[in-house]
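[1] Whatever this is, show me its structure:
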Amino acid sequence: MKRTSPWFILLFPIAIPAMIVLDFFGYRIIALIILVALVLSFACYVYAVFTKFRSLREGFVTLAEAVCDPGSWSIRHYPYHHTLSGAAGTHRFHYSLLGHDERAMFQLFLECPVGRYLFLEAGEDPAQHGDESPQVRAFLQIPGFRSLTALPRKVPFFRRFLGGFAGSGGPGLVLRKQVDDPFSPPAVKRDLALLLDVARVSADAPRQEKEGT
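    Residues are numbered from 1 along each chain as shown. Predicted coordinates for the structure are as follows:
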């Protein structure tokens with residue numbers, strides 16, 4: 001974890017053998033002090049992890065109640081990301097934190113038909129990818145925008161796992177961003193509206209038989 005990873009974890013391979021050696025040579029008081037310090041440090045780490053996960057879950061619940069249709073959402077915690085899955089109207093989406101800290105990358109995955117593959121990063125010109133539509137250009141103005149990916153086919157499991165594509169894996173649109181307030185309902189609603197605009201345009205585009213990767 002970015003802010004909760006304690007330095008003492010690196011000392012375990014050293015501290016435990018050191019305690020055994022100290023105890024063997026009769027320095028049991030010193031060994032006991034080291035043991036108590038490790039136990040207290042580990043307890044603090046567990047508490048920090050619990051507090052962090054509870055804070056993240058509260059943020060996801062607040063966001064779900066404001067954005068998702070009632071009864072359509074669920075929250076799942078994975079080793080490397082946390083995901084809110086829900087529905088807004090006729091479309092399902094997956095909003096994920098790729099990491100364990102609020103400043104980590106956030107990803108919004110909208111399940112929808114996509115006509116062709118597209119990958120746009122911050123600072124790029126959509127025209128370089130053969131796309132000059134105002135719907136795609138609008139994403140360049142989103143605060144914290146990092147990338148937009150259009151996936152015309154369902155992403156294979158291993159590519160989804162390695163690429164960090166949380167949720168169903170496609171087909172759909174994937175928006176990645178990094179902001180100070182990732183649980184802002186107005187911002188997420190705006191992002192969903194922009195993705196829906198791109199989805200409507202993309203659905204009318206000629207279908208590609210193969211992705212451009």
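
[2] What's the end-to-end length of stretch 19-38?
    11 Å (Cα to Cα, to the nearest Å).

[3] Contact partners for the closest residue in space to residue 68 that isn't next to it in sequence?
    Excluding the flanking residues, the one nearest residue 68 by Cβ to Cβ, 6 or more residues apart in numbering is residue 86, at 3.3 Å. Where C-beta positions appear, they are placed from N, C-alpha and C, glycine not excepted. The contact partners of residue 86, taken as Cβ atoms under 8 Å, 6 or more residues apart in numbering, are 64, 67-69, 72-74, 92-93, 95.

[4] lowest average confidence, helix or strand, in the protein?
    helix 157-163 (a mean of 65; mean pLDDT, DSSP states H and E).

[5] Touching the helix or strand just after that one from outside, list them.
    Scanning forward in sequence from helix 157-163 by DSSP states H and E, the next helix or strand is strand 172-177. Residues from elsewhere that reach strand 172-177, judged by Cβ under 8 Å, 6+ apart: 98, 105-112, 114, 139, 142-151, 165, 191, 194-195, 198-199, 202.

[6] Select from the contacts of residue 86 the one having the most neighbours.
    residue 95 (29 neighbours; other Cβ atoms under 10 Å).

[7] The contacts of residue 86 in helices, which ones?
    Judged by DSSP state H, helices contain the following of these: 64, 67.

[8] from the contacts of residue 86, which ones fall inside strands?
    74, 92-93, 95 (DSSP state E).

[9] what helix or strand does residue 196 sit in?
    Going by DSSP H and E, residue 196 is in helix 185-203.

[10] Next, the angle from the host helix or strand of residue 46 to helix 185-203.
    Element membership for residue 46 (DSSP H and E) is helix 28-67. Relative orientation of helix 28-67 and helix 185-203, computed by axes from the mean of the first three to the mean of the last three Cα atoms, to 10 degrees: 60 degrees.

[11] about what we covered before: Serialize the ones in strands among the contacts of residue 86 to CSV and add fields for pLDDT and distance to residue 177.
    Output for the ones in strands among the contacts of residue 86, formatted as CSV (pLDDT from 0 to 100; distance: Cβ to Cβ, whole Å):
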residue, pLDDT, distance to residue 177
74, 92, 22
92, 89, 20
93, 92, 14
95, 92, 11
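
[12] Restricted to buried residues, select the contacts of strand 172-177 in ChimeraX.
    Buried residues within the contacts of strand 172-177, by 16 or more other Cβ atoms under 10 Å, are selected in ChimeraX with:
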select :98,105,106,107,108,109,110,111,112,114,139,142,144,145,147,148,149,150,151,165,191,194,195,198,199,202
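
[13] Which ones among the contacts of strand 172-177 map onto helices?
    Using DSSP H, the contacts of strand 172-177 in helices are 191, 194-195, 198-199, 202.

[14] what would these look like in CSV with distance to residue 127 and pLDDT?
    Shown next, in CSV, are the ones in helices among the contacts of strand 172-177 (distance: Cβ to Cβ, whole Å; pLDDT from 0 to 100):
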residue, distance to residue 127, pLDDT
191, 23, 92
194, 19, 90
195, 20, 91
198, 16, 85
199, 20, 82
202, 16, 65
